[in-house]
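Trainee: I would like to see how this sequence folds:
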Amino acid sequence: MLAQIEPAQINVEILPVNLVADGSPLEGELDEMWSFVEKKENQRWLWHAIDHKTGTVLAYVLGKRTDNIFLKLKTLLEPCGISKFYTDNWGTYDRKLDPNQHQVGKSNTQKIERKHLTLRTRIKRLARKTICFSKSEVLHDIVIGLYINRYEFGLSV
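Mentor: Residues are numbered from 1 along each chain as shown. Here you go, the predicted structure:
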């Protein structure tokens, strides 16, 4: 039997964001990535944001494809002071981002789409056609979270 980790049990360390050394405003690419737990009808989404210039992951959230989950990601991004968001044409972005800071289009989301390919290659349970899949949402989120924390944030896990 698995022990479930509650959000209150997790300590989050917020690292200072100093990604813009040249003084230019920080711009971010946002996107969501589909996966599933147990069966394809039980969808699980990885929402994440990267720095548009460097490709550095700024924040990520795992959950459903709903406005509420996106708002969690947006809250995590607030300390970064992002001046421009580049996204695809998913309706949540239009509803929840300031139109003056939001630009839709594939030409400015190439880095995050490339990051998706890397994640799908390295974490088989994210691949679209695979025999490797998660049987519990908790383990699914832990595997993806451990990978991102280790290889994107450089945290020892």
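
Trainee: Could you pull up the contacting residues of S156?
Mentor: Contacts for S156 were tallied using Cβ atoms under 8 Å, 6 or more residues apart in numbering; they are R150. To be clear about C-beta, it is placed using only N, CA and C from the backbone, and glycine gets the same treatment.

Trainee: switch to numbering from 11
Mentor: Happy to do that; since the first residue is 11 now, the last one works out to S166.

Trainee: which SS class is it?
Mentor: At S166 the chain is in coil, as set by DSSP: H, G, I helix; E, B strand; the rest coil.

Trainee: Spatially nearest residue to N52 (excluding sequence neighbours)?
Mentor: Distances taken as Cβ to Cβ, 6 or more residues apart in numbering put F46 closest to N52, at 5.6 Å, once the chain neighbours are dropped.

Trainee: Make sure the one you found is actually in contact with R54.
Mentor: Yes: between F46 and R54 there is a contact at 6.0 Å, judged by Cβ atoms under 8 Å.

Trainee: what's the overlap in contacts for those two?
Mentor: Listed as contacting both F46 and R54 by Cβ under 8 Å, 6+ apart are S144.

Trainee: Between these two, point out the one with more neighbours.
Mentor: It is R54, of F46 and R54, that has more neighbours when counted by other Cβ atoms under 10 Å, with 21 against 17.

Trainee: Check which helices and strands the least confident helix or strand in the chain by mean pLDDT sits against.
Mentor: In the chain, no helix or strand scores lower on mean pLDDT, DSSP states H and E than helix 147-161, which sits at a mean of 86. Packed against helix 147-161 by the contact rule (3 or more Cβ pairs under 8 Å, 6 or more residues apart in numbering; DSSP states H and E) you find strand 37-47, strand 49-61, strand 67-73, helix 120-132.

Trainee: and that helix with strand 37-47, angle?
Mentor: Here the directions of helix 147-161 and strand 37-47 differ by 140 degrees (axes from the mean of the first three to the mean of the last three Cα atoms, to 10 degrees).

Trainee: Can you point out the buried residues in helix 147-161?
Mentor: Under the neighbour-count criterion of 16 or more other Cβ atoms under 10 Å, helix 147-161 has 150-152, 154, 158 buried.

Trainee: before we move on, what about stretch 58-71?
Mentor: Within stretch 58-71, the residues that count as buried by 16+ other Cβ under 10 Å are 58-62, 67-71.

Trainee: what residues are up against Q113?
Mentor: Applying Cβ under 8 Å, 6+ apart, one finds that Q113 lies in contact with 94-97.
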